[in-house]
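In: Sequence first, then the predicted structure, then my questions.
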Amino acid sequence: MACVEFRNVRKEFTDEKKGTFTAVADSNLIIQDKEFLVFVGPSGCGKTTSLRMIAGLERQTSGDILIGDRIVNHLHPKDRDIAMVFQDYALYPHMTIRENLSFGLRNLKKPKDYIEKKVKEAAVILGLEDMLNRKPRELSGGQRQRVAVGRAIVRDPQVFLFDEPLSNLDAKLRVQMRVELSELHKRLEATIVYVTHDQVEAMTLGERIVVMNQGMIQQIATPKELYANPQNMFVAGFIGSPAMNFIDAVVEGNKVIVEGTFLKVPNHVAAVLQGYEHRPIVVGIRPEHIYGDDYAPSIDREHTLQARIQVVEHLGSENLVYFRMGSRRITAKVHPETKAYAGLEKTFVLDMSKVHYFDPLTEQRIL
Ligand code: ATP
């Protein structure tokens, strides 16, 4: 079993300028055996530090880390039965691909036959058989990345740790490698912990995702759950592209008022919002749930907003339409046939069944 567990894990750094600050606040987390779990969050949120603590490259200030059933707090990285793939691949330039792949096993003094078998297996899995005698500089970025993964595979670790492995690749190759990594996970049946700042990468790769901000775990959930039920405004704004729109509103009975427009809310929503009567709330709606009135699906068309379009971006399969509500800029992702150009006064239809409501003070989701 290769679960990974954080029990009240905390990491503080002491820095001359900042003094002591918390990079990872007390965190609790269980990564299941064979799970593909992704840490995602903005730069500096503590995701790499979390990964490095699992690897043993960084020692937590307090709390316990378990791999399998054992507490590994005091174990050296090489004794943790993990393999890490870094952003810069860290290949040895003077060695051939075969030597790069076998390096770790040679260091462990494994028998020659065993090493050859392992290298061959990894090369087949990753499509590197024809490149074993080349040097890293003779490989493309994507191929080098595969070698870095291959070096981890040959070691048969309990847990694979990936630190932004695709960030040096161009956009097209990244998409291709994402698919390859998903396939690899199925094939290896291994536990994978993966760090990225890219929410699309997180959503496409992760079976579950840990969203972090400022050293704190904001939510742990499946991609579907994060998208449909974000716990707070940070998660709601971070997951989904373009980002969720936040609109300031005030609650009045069974309606919310947005810039003088009354939007009727379903009865079950009105019941929950009772506690916010006459108080401000934040309405969250994703760009894909705002439609032009000439191209709206058969949803309840009662809920509309008027606005002057500022900018339209044509993406081919859809258009992004920008307009303002008060001080907030709103994005609608509309069907490409929707009539839209800068300066047009347009009626937009909101799918109120998909709207979220947030407390502006705590930023937690009310509903
Ligand atoms: P990025 O995506 O930029 O890599 P991250 O989410 O992975 O960001 P971490 O690298 O985990 O963030 O860093 C979390 C915080 O801890 C940051 O503020 C960083 O500056 C700080 N930090 C990381 N390592 C050290 C260190 N060795 N000494 C002091 N501060 C550190």
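Out: Thanks, I have the structure now. Numbers count the residues shown, from 1 in each chain.

In: Just the buried residues of stretch 90-99, please?
Out: 91, 96-99 (16 or more other Cβ atoms under 10 Å). Backbone N, C-alpha and C define where each C-beta goes, glycine included.

In: end to end, how far does that stretch reach?
Out: By Cα to Cα, to the nearest Å, the extent of stretch 90-99 from end to end equals 13 Å.

In: where are the low-confidence patches of the stretch 151-300 of the chain?
Out: 299-300 (pLDDT under 70).

In: tell me which parts of it are close to the ligand?
Out: Proximity of the stretch 151-300 of the chain to the ligand, by Cβ under 6 Å from any ligand atom, involves residues H197.

In: Which residue, other than its chain neighbours, is closest to the residue nearest in space to the middle of the chain?
Out: Central residue of the chain (Cα atoms, centre = their mean): A202, 3.1 Å from the mean position. With sequence-adjacent residues excluded and distances taken as Cβ to Cβ, 6 or more residues apart in numbering, A202 is closest to V40, at 3.8 Å.

In: I'd say that neighbour and I217 touch.
Out: No - using Cβ atoms under 8 Å, V40 makes no contact with I217, being 11.1 Å away.

In: related to what we said a few turns ago, now, which of the buried residues of stretch 90-99 sits nearest V85?
Out: V85 lies nearest to L91 out of the buried residues of stretch 90-99, by Cβ to Cβ, at 11.0 Å.

In: what about that closest one, distance to the ligand?
Out: 21 Å (Cβ to the nearest ligand atom, to the nearest Å).

In: what does D33 give?
Out: In terms of Cβ to the nearest ligand atom, D33 sits 25 Å off from the ligand.

In: Show me how the record splits this protein into domains.
Out: Following automatic domain parsing, the chain resolves into domains at 4-238, 245-358.

In: and the ones you listed as TSV, adding distance to R365?
Out: Formatted as TSV, these follow (distance: least, Cβ to Cβ, whole Å):
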stretch	distance to R365
domain 4-238	6
domain 245-358	6
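
In: do you know which of the ones you listed lies nearest Q364?
Out: domain 4-238 (5.0 Å).

In: In the strand or helix carrying Q306, which residues are buried?
Out: Per DSSP states H and E: Q306 is located in strand 304-308. Going by neighbour count (16+ other Cβ under 10 Å), the buried part of strand 304-308 is 305, 307.

In: which secondary structure elements does that strand contact?
Out: strand 261-264, strand 319-325, strand 345-350 (3 or more Cβ pairs under 8 Å, 6 or more residues apart in numbering; DSSP states H and E).

In: Repeat the analysis, applying 7 Å as the threshold.
Out: Strand 304-308 sits against strand 319-325, strand 345-350, with contacts defined as 3 or more Cβ pairs under 7 Å, 6 or more residues apart in numbering; DSSP states H and E.

In: Make a markdown table from these and add mean pLDDT, distance to the ligand and mean neighbour count to it.
Out: Below are these laid out as a markdown table (pLDDT from 0 to 100; distance: least, Cβ to the nearest ligand atom, whole Å; neighbours: other Cβ atoms under 10 Å):
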| stretch | mean pLDDT | distance to the ligand | mean neighbour count |
| --- | --- | --- | --- |
| strand 319-325 | 95 | 26 | 19 |
| strand 345-350 | 94 | 34 | 19 |
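
In: Mind exporting the C-alpha coordinates of stretch 263-271 to PDB?
Out: Written as PDB, here are the backbone C-alpha positions of stretch 263-271 (Å, rounded to 0.1, in the frame of the first residue of the first chain):
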ATOM      1  CA  LEU A 263     -33.100  38.600 -10.200                       C
ATOM      2  CA  LYS A 264     -35.500  36.100  -8.800                       C
ATOM      3  CA  VAL A 265     -33.900  33.200  -7.000                       C
ATOM      4  CA  PRO A 266     -35.300  29.700  -6.600                       C
ATOM      5  CA  ASN A 267     -37.300  29.100  -3.400                       C
ATOM      6  CA  HIS A 268     -34.700  26.900  -1.800                       C
ATOM      7  CA  VAL A 269     -32.100  29.600  -2.400                       C
ATOM      8  CA  ALA A 270     -34.300  32.300  -1.000                       C
ATOM      9  CA  ALA A 271     -34.800  30.200   2.200                       C
END
